Structures are given as structure tokens and as C-alpha cells.
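Engineer: Below is the structure, and that's it, no one-letter string:
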């Protein structure tokens, strides 16, 4: 009995003093959560570089929902920090002034009574704010676990799919994804149906719901499924008693969506929307990232020339080569035949010549709508973004002074799947 009392006292003391740890963790979490935006931005660029454009839509959902999750986390931690700081102020105020006073009021007693009639008790406010802070903290880390695990699991599955697809039929590799999707769909439908008022006492249906929830969550969340189910059950089993706290989650989702909308323009996520990678750049607009002297990006999606004002007789063109392009070279350039018995230096030279000619086959450059013959140098790596690419030097000595236009295409087996139009002004002044 005494041991239980000691444990209870320890737990109560921990609860009473947890606000200090919450404030510290919340401040650190705000800083860390903002840094996660850079991780989402990097993930979008990583998928653009590594994945075949046919799979961009999957990467879009991974990165977009990750951005929503990070935005919700940021919103929660900021709100938590503000509320917990407000709570500390209320507790301090309560220690000096335990309650409202009518006798010592600076206002008239009639006015004071009317105002107090619409104001909550100080202790009630302290308790409600404390509850809100505790709920926010648990929901924030639940979001982190859910979206973090799903994003990581999906990314690993997608990368393994691309690696193994060279050796295993794609239909077989899709089986796990289909099973998870179908299982999650069936579980959702059964859960909704079993929670209808008229079905809550049907034992066989509830047993089926339990089984589906258990195994569906095991598939979706792996080793975290019990921890997440525990949080869900705490909210679900206390829903009627604390409805206002449960509805608070909707506010976080809304605020997270607002923050995500603001942060979205700082990423390349929209580039991943289906075939939107071509419409991402309007051919009738000029972008600063087309030009080396004005570019402010850390990941090039487009070719780049030295400036929009060319005062020399040469235009230097840098074209980024994405990793996924290696998977389509064979259909365009033919299979590279590696000379097994040749010396190492000769093998390296043959490989370099093959790539050099291959790059020329699936890149076209037009100057004022006239295709020009170019040669490429392999460039490792871009001075700012560290990307691999190819460089060509275009002789424009005979071009008249004025506005001109470069059109650059990337070709696959079906034709030009990427193209950019880059205007520049040729000046005769050196």
C-alpha cells in the first residue's frame, strides 16, 4: 500500500513538474521542426534526380504529405510553446492573486461583478490550458511518427522497386503495395461500418474490426503500431468526455495546411505532379535560374548559361544530367559493349567516348529555331549545386546584336520530353 502511494506521489510530482521539460523540448522541437523543411526540400530534389518521371506522382504524394506533416508539427510546437508560456504566467499570477476580488477592485463593484460573470475561474483556465498543452505534445509526436514512418517506408520501397525491377517482374514487386492498399481500404470500410450505432453490439463484426485494425496497423506502421494505437485509443475512448480536445486536432491540420501552402513555393514539389515537370517552366517566361549570374537555386532543374546579357562571342551552356537518365540511354544510344581484354585506360576512354556521343544523341540545341551541331564535355560538378552535367560552348561571333533565343531539348524514345527556351541579348560591347 505504501509502495503504491509512493509511486502515485512520484507520478503526480512528475506531472506537476513536466512543464519545465515541455518548454525546453518545445523550444528545441520548434528549431528542429523548421529544419525539417530543408529535409523535405532535399527529398523532392532527390526524387527528381533519381526517379523516372513516370514515378514522379508517387514521389509527389510522399513529399507533399511530408510537408503537411512538418507544417503541422511546426504549428503545434509554436502553439504549444505560446500556451505553455501563458500557463506559466497564469500559475505565477495565481500564486499572488488566488482569485478575483470584488472588495479591492479598481472598478465599480457592479461593473466587476458583470465582467466576472463572463470570465472563467483562474484555476479552471490553468487546468484547461495545461490539458491543451499536454494534448498538443502527444499529438505532435504522433504526427511525427505516422508521417515519418510512412514517408520512410514508401521511399525505401520505391527505391528497392527500381533496383529490383531489373531482375524481378514488376507485377511481383507490386504485390506488397497492392496488399497494403487493399488491406487499408477494407479495414477503413469495416471500421466505419462497425462503428455505426446499430452495429456496436454485434460481437462477430467487432471481432472482425479488431482483427483488421490490428493487422492493418502492423502493415502500415510496423514496430510502431502498438504505440500509435495506444495514442489513438486514449483519444477515442475519452472522446465523449473531452470532445473539445479531440476537435483541436482539426485546428492543427488546418494551421498545418496554411503553413504548408506558404512553404510549398520554396520547394520543387510541384515539379513532381504527373507530367507537370514540363509545364513547371512557362516557355513564355524568363527565369533567373536560367542564368549563372542571377541563379539562386541549390538544385538546377534547367540548363544554365552565363548571363542574360552576352558580351563575348561564346555562350557557355550547362545542362544537368539526372541520374534516372542512365536507365533510358540504352534505348537511345544502344548497349555499351565493354571491351573485357582492353587495358584499363582504354576501357575508361571507350566508356567516356560512348557517353559523350550518347549525350549528343539525346540533347538538341536550337539557336533562333535553327538546330546547331554541338559537342559536349562531361562536367563534374556544378560550381554551386554540385550536380553532374554536360557543358557546351556555342560560337555566336556572327550573331547580330539584339535579342536571341536558345531552345534545349532532352530526347527519349518517344521524342522531346523536356525542353526549355532561354532568351539572351547579344551585345557588341566588350
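Structural biologist: Perfect, thanks for sending it. Here the structure is a predicted model, which is why all the values come from computation and not from measurement.
Engineer: What are the boundaries of the strands in this protein?
Structural biologist: 304-305, 309-310, 314-320, 363-367, 370-371, 377-379, 389-395, 402-412, 415-426 (DSSP state E).
Engineer: hmm, what's the outermost residue in the protein?
Structural biologist: residue 103 (57.5 Å; C-alpha atoms, centre = their mean).
Engineer: For residue 113, see how far away that one is.
Structural biologist: 12 Å (C-beta to C-beta, to the nearest Å). For glycine as for every other residue, the C-beta is placed from the backbone atoms N, C-alpha and C.
Engineer: next one: residue 339
Structural biologist: The span separating residue 339 from residue 113 equals 98 Å under the rule C-beta to C-beta.
Engineer: The two: which is more packed in?
Structural biologist: Between residue 339 and residue 113, residue 113 has the larger neighbour count (other C-beta atoms under 10 Å), namely 13 against 10.
Engineer: which residues touch the spatially closest residue to that one that is not a sequence neighbour?
Structural biologist: Nearest non-adjacent residue to residue 113, counting by C-beta to C-beta, 6 or more residues apart in numbering: residue 102, 6.7 Å away. Contact analysis of residue 102 by C-beta atoms under 8 Å, 6 or more residues apart in numbering lists 109, 112, 113, 116.
Engineer: Buried members of the residues you listed into ChimeraX, please.
Structural biologist: Here is the ChimeraX selection string for the buried members of the contacts of residue 102, based on 16 or more other C-beta atoms under 10 Å:
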select :112
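Engineer: Go through the contacts of residue 102 and say which is closest to residue 87.
Structural biologist: Checking those against residue 87 with C-beta to C-beta, the nearest one is residue 116 at 21.2 Å.
Engineer: Against residue 116, how distant is the nearest residue to residue 30 once chain neighbours are set aside?
Structural biologist: Nearest residue to residue 30, sequence neighbours excluded (C-beta to C-beta, 6+ apart): residue 77, at 4.6 Å. Per C-beta to C-beta, residue 77 is found 34 Å from residue 116.
Engineer: got a markdown table for the contacts of residue 102, with pLDDT too?
Structural biologist: Below are the contacts of residue 102 laid out as a markdown table (pLDDT from 0 to 100):
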| residue | pLDDT |
| --- | --- |
| 109 | 80 |
| 112 | 80 |
| 113 | 82 |
| 116 | 79 |
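Engineer: Farthest-apart pair in the contacts of residue 102, please.
Structural biologist: Top of the distance list for these (C-beta to C-beta): 109 and 116, 10.3 Å.
Engineer: Let me see the domain layout of the protein.
Structural biologist: For the chain, automatic domain parsing gives the domain ranges 2-272, 281-426.
Engineer: Comparing these, which yields the minimum mean pLDDT?
Structural biologist: The minimum mean pLDDT among those belongs to domain 2-272 (a mean of 79).
Engineer: what sits against the closest residue to residue 154 other than its chain neighbours?
Structural biologist: Distances taken as C-beta to C-beta, 6+ apart put residue 62 closest to residue 154, at 5.3 Å, once the chain neighbours are dropped. Contact analysis of residue 62 by C-beta under 8 Å, 6+ apart lists 43, 47, 151, 154, 155, 158.
Engineer: mind redoing it with 7 Å?
Structural biologist: 151, 154, 155 (C-beta atoms under 7 Å, 6 or more residues apart in numbering).
Engineer: any chance of the residues you listed in TSV, plus neighbour count and distance to residue 287?
Structural biologist: Compiled in TSV, the contacts of residue 62 are given as follows (neighbours: other C-beta atoms under 10 Å; distance: C-beta to C-beta, whole Å):
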residue	neighbour count	distance to residue 287
151	20	29
154	18	31
155	18	29
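Engineer: any chance of these in TSV, plus distance to residue 236?
Structural biologist: Below are the contacts of residue 62 laid out as TSV (distance: C-beta to C-beta, whole Å):
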residue	distance to residue 236
151	25
154	26
155	30
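Engineer: What is the end-to-end distance of stretch 284-301?
Structural biologist: 17 Å (C-alpha to C-alpha, to the nearest Å).
Engineer: Just the residues contacting it, thanks.
Structural biologist: 45, 268, 271, 281, 302, 304-308, 320, 382, 385, 387, 422-423.
Engineer: What separation do you get for residue 177 and residue 390?
Structural biologist: 36 Å.
Engineer: the more surrounded of the two?
Structural biologist: Neighbour comparison, residue 177 and residue 390: the larger count goes to residue 390, with 21 against 14 (by other C-beta under 10 Å).
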